[in-house]
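Visitor: return a 3D structure for these sequence lines:
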Amino acid sequence: MKTFNGYHLTGIIPARYASTRFPGKPLAIIMGKPMIQRVYEQASLVLDELYVATDDQRIHDTVMSFGGRVIMTSDRHQSGTDRCAEAAAKIASVKDKTADVVINIQGDEPFIRPEQIELLISCFTDKSVEISTLVRKAEPGEDITNPNHPKVILDSSGNAIYFSRSVIPYLRGAEISEWTSMHTYYKHIGLYAYRTETLNKITSLSSSSLEKAESLEQNRWLENCYKIRTAVTIWESICIDTPGDLEKAEIFFNKFK
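Guide: Numbering: from 1, shown residues only. Predicted structure coming up:
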């Protein structure tokens, strides 16, 4: 997919080596391949222009070894979005063409589906959309308490109101084990798309209080009055946060195939 509704698209996978919870995570082997390669191969099923953005030579060399495109970026970025902004600018300078929409594919989502990327991009059919992301409805009985899996509440137009590591909303008068059976809860899937102009603006903003409190950068955008359009995906995903998650990945991989 080179274009969508006339928009020029660029996919970027930010990947850093120095993860606090899982150093070297992009190079972790999942069923015989480095995780970054699995992410790249999945995203390339739908995106023609795709790059890994990294600050580490080991990741750079690994991407080159499997034939991927890679851009070296600063080691001082605080978020994947910041890394995407630098990479997008470098790509534009080399190609002499600026992307209309940049897609940020998380480097620790090795089982991302092409359908999810297409759904994310489809939000830009509405010309007022500046940022989009994906959410998934929690199933009745599903655990929604894990702080590593952010939750989000939406307005009537499908725009995000707030993201939290806590369970939101609080369902008064019921046991938490019953909440998903009594109310629709949305889990956030950390895949984003931005208009390039918007990407440049949000990465120039100072960190905000809600962003710092939750350690969720998207709250900074909301605090500064940017709207984030969501699309609901039916697909489950698995994010590799810790070495222990690699064990779950093998089970998920067999289902994924």
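
Visitor: shaky segments in the protein?
Guide: Counting by pLDDT under 70, the chain contains low-confidence ranges at 1-2, 253-257.

Visitor: ranges for the strands of it?
Guide: 3-4, 7-15, 29-30, 33-34, 50-54, 70-72, 101-104, 131-137, 151-154, 160-164, 186-195, 228-232 (DSSP state E).

Visitor: dump the ones you listed into CSV; add distance to residue 218 and mean neighbour count as well.
Guide: Every C-beta, even on glycine, is put in place using the N, C-alpha and C of the backbone. Formatted as CSV, these follow (distance: least, C-beta to C-beta, whole Å; neighbours: other C-beta atoms under 10 Å):
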stretch, distance to residue 218, mean neighbour count
strand 3-4, 22, 14
strand 7-15, 15, 25
strand 29-30, 27, 16
strand 33-34, 27, 18
strand 50-54, 19, 25
strand 70-72, 23, 19
strand 101-104, 11, 26
strand 131-137, 7, 22
strand 151-154, 9, 19
strand 160-164, 5, 19
strand 186-195, 8, 23
strand 228-232, 6, 20
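
Visitor: nearest to residue 86, of these?
Guide: Distance to residue 86, taken as C-beta to C-beta, is lowest for strand 50-54 among the strands of the chain, at 7.2 Å.

Visitor: residue contacts, the residue nearest the centre of the chain?
Guide: The chain has residue 191 as the residue nearest its centroid, 2.5 Å off, counting by C-alpha atoms, centre = their mean. When contacts are counted by C-beta atoms under 8 Å, 6 or more residues apart in numbering, residue 191 touches 103, 104, 105, 106, 109, 112, 116, 117, 120, 133, 134.

Visitor: ok, it to residue 183 distance?
Guide: Taken as C-beta to C-beta, to the nearest Å, the spacing of residue 191 relative to residue 183 amounts to 24 Å.

Visitor: cool, and residue 58?
Guide: 45 Å.

Visitor: go on, residue 210?
Guide: The spacing between residue 210 and residue 183, counted by C-beta to C-beta, is 23 Å.

Visitor: can you give the contact residues for stretch 79-98?
Guide: Applying C-beta under 8 Å, 6+ apart, the contact partners of stretch 79-98 are 8, 10, 12, 14, 16, 49, 51, 53, 55, 71, 73-74, 77, 99, 102, 104, 106-107, 192, 194, 196, 199-200, 202-203, 217.

Visitor: just the buried residues of that stretch, please?
Guide: For stretch 79-98, a neighbour-count test (16 or more other C-beta atoms under 10 Å) marks 79-89, 91, 98 as buried.

Visitor: got a markdown table for those, with distance to residue 245 too?
Guide: Output for these, formatted as a markdown table (distance: C-beta to C-beta, whole Å):
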| residue | distance to residue 245 |
| --- | --- |
| 79 | 21 |
| 80 | 18 |
| 81 | 23 |
| 82 | 24 |
| 83 | 22 |
| 84 | 23 |
| 85 | 28 |
| 86 | 28 |
| 87 | 26 |
| 88 | 29 |
| 89 | 32 |
| 91 | 30 |
| 98 | 36 |
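
Visitor: test my guess that residue 118 contacts residue 47.
Guide: No - Residue 118 is beyond contact range of residue 47, at 9.7 Å (criterion: C-beta atoms under 8 Å).

Visitor: dump the residue contacts of residue 124.
Guide: Neighbour list for residue 124: 4, 5, 7, 101, 132, 193, 195 [criterion: C-beta under 8 Å, 6+ apart].

Visitor: try it again at 7 Å.
Guide: When contacts are counted by C-beta atoms under 7 Å, 6 or more residues apart in numbering, residue 124 touches 4, 5, 7, 101, 132.

Visitor: farthest pair in those residues?
Guide: 5 and 132 (13.3 Å).

Visitor: done for today, thanks.
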